[in-house]
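K.L.:
need a 3D model of the sequence below.
(2 chains)
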Amino acid sequence: IAGITQAPTSQILAAGRRMTLRCTQDMRHNAMYWYRQDLGLGLRLIHYSNTAGTTGKGEVPDGYSVSRANTDDFPLTLASAVPSQTSVYFCASSPSGGAVDTQYFGPGTRLTVL
Amino acid sequence: GQNIDQPTEMTATEGAIVQINCTYQTSGFNGLFWYQQHAGEAPTFLSYNVLDGLEEKGRFSSFLSRSKGYSYLLLKELQMKDSASYLCAVRDSDYKLSFGAGTTVTVRA
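P.N.:
Numbering: from 1, shown residues only, chains lettered A, B, ... in the order given. The predicted structure is shown next:
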């Protein structure tokens, strides 16, 4: 069982380019999340999805979009990357997104925008 | 919103005990989590508290006082492999997690 996979592992991107970070889970979890982690700031929620077909905005959604066409996949798109989006991005999933459940994290994508 | 505070760094000796404190101010509360994150890796779940009191899991214990907005993670019999960042996270009334900046624990021989 792979759990949660993310791709790419790392990427260097020119400012203004479009980029999609991929996230796939095989645990049949209902809820999925995207976080960014920056030094001294901790993990911050970008977008989330409580179930396939629905999405919501987190703490720092500007400049990012997501879709949830099925249970397994939750891609994060940067429409026009800017240097402030340089960060480590973590995808996570949880069984229900509601009551007592734990979020499980993917290995992360390290993104550098120049 | 959430305001979560934890110390930036702590250092301890192998075999010792370290206590990592976390204070929070929240607009809603549905549980407190502790995660461990080794450098360059993903966070992994350590513990969960929703009621006041102590939860013990092997060498790790976590305590919660909801009235004080306070939690701590206790690491006993420290091992070198415990060198990592420890993240305190509060789940709000919408069941979303807000994380503190993390406490980096360095275990020295």
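
K.L.:
every contact and neighbour count from this point should use C-alpha atoms.
P.N.:
Fine.

K.L.:
state the pLDDT value of the closest residue to chain B within chain A.
P.N.:
Per C-alpha to the nearest C-alpha, residue A:42 is where chain A lies closest to chain B, at 3.9 Å. Confidence at residue A:42, expressed as pLDDT, is 88.

K.L.:
who touches the residue sitting nearest the centre point of chain A in this structure?
P.N.:
Nearest to the geometric centre of chain A sits residue A:34, at 2.8 Å (C-alpha atoms, centre = their mean). Counting by C-alpha atoms under 8 Å, 6 or more residues apart in numbering or on different chains, residue A:34 makes contact with A:45-48, A:76, A:89-92.

K.L.:
for chain A, give me its nearest residue in chain B.
P.N.:
residue B:101 (3.9 Å).

K.L.:
quick revisit: quick check, the residue nearest to the centre of chain A in a helix?
P.N.:
No: using DSSP: H, G, I helix; E, B strand; the rest coil, the assignment for residue A:34 is strand, not a helix.

K.L.:
any idea how far residue A:73 lies from residue A:56?
P.N.:
15 Å (C-alpha to C-alpha, to the nearest Å).

K.L.:
cool, and residue B:69?
P.N.:
27 Å.

K.L.:
cool, and residue B:6?
P.N.:
Computed as C-alpha to C-alpha, the residue B:6 to residue A:56 distance reads 28 Å.

K.L.:
and these two? Which one has more around it.
P.N.:
Using other C-alpha atoms under 10 Å in any protein chain shown as the criterion, residue B:6 and residue A:56 rank with residue B:6 on top: 19 against 14.

K.L.:
which ones are touching the spatially closest residue to the more buried one that is not a sequence neighbour?
P.N.:
Nearest residue to residue B:6, sequence neighbours excluded (C-alpha to C-alpha, 6 or more residues apart in numbering or on different chains): residue B:22, at 4.7 Å. Contacts for residue B:22 (C-alpha under 8 Å, 6+ apart) come out as B:4-7, B:70-72, B:88.

K.L.:
residue A:73 is in contact with residue A:25, isn't it?
P.N.:
Yes: using C-alpha atoms under 8 Å, residue A:73 is in contact with residue A:25, at 6.7 Å.

K.L.:
quick one, which of those two is more surrounded?
P.N.:
residue A:25 (23 against 18).

K.L.:
how about the more buried one: what's its closest non-neighbour residue?
P.N.:
Spatial nearest neighbour of residue A:25, excluding adjacent residues (C-alpha to C-alpha, 6+ apart): residue A:4 at 4.3 Å.
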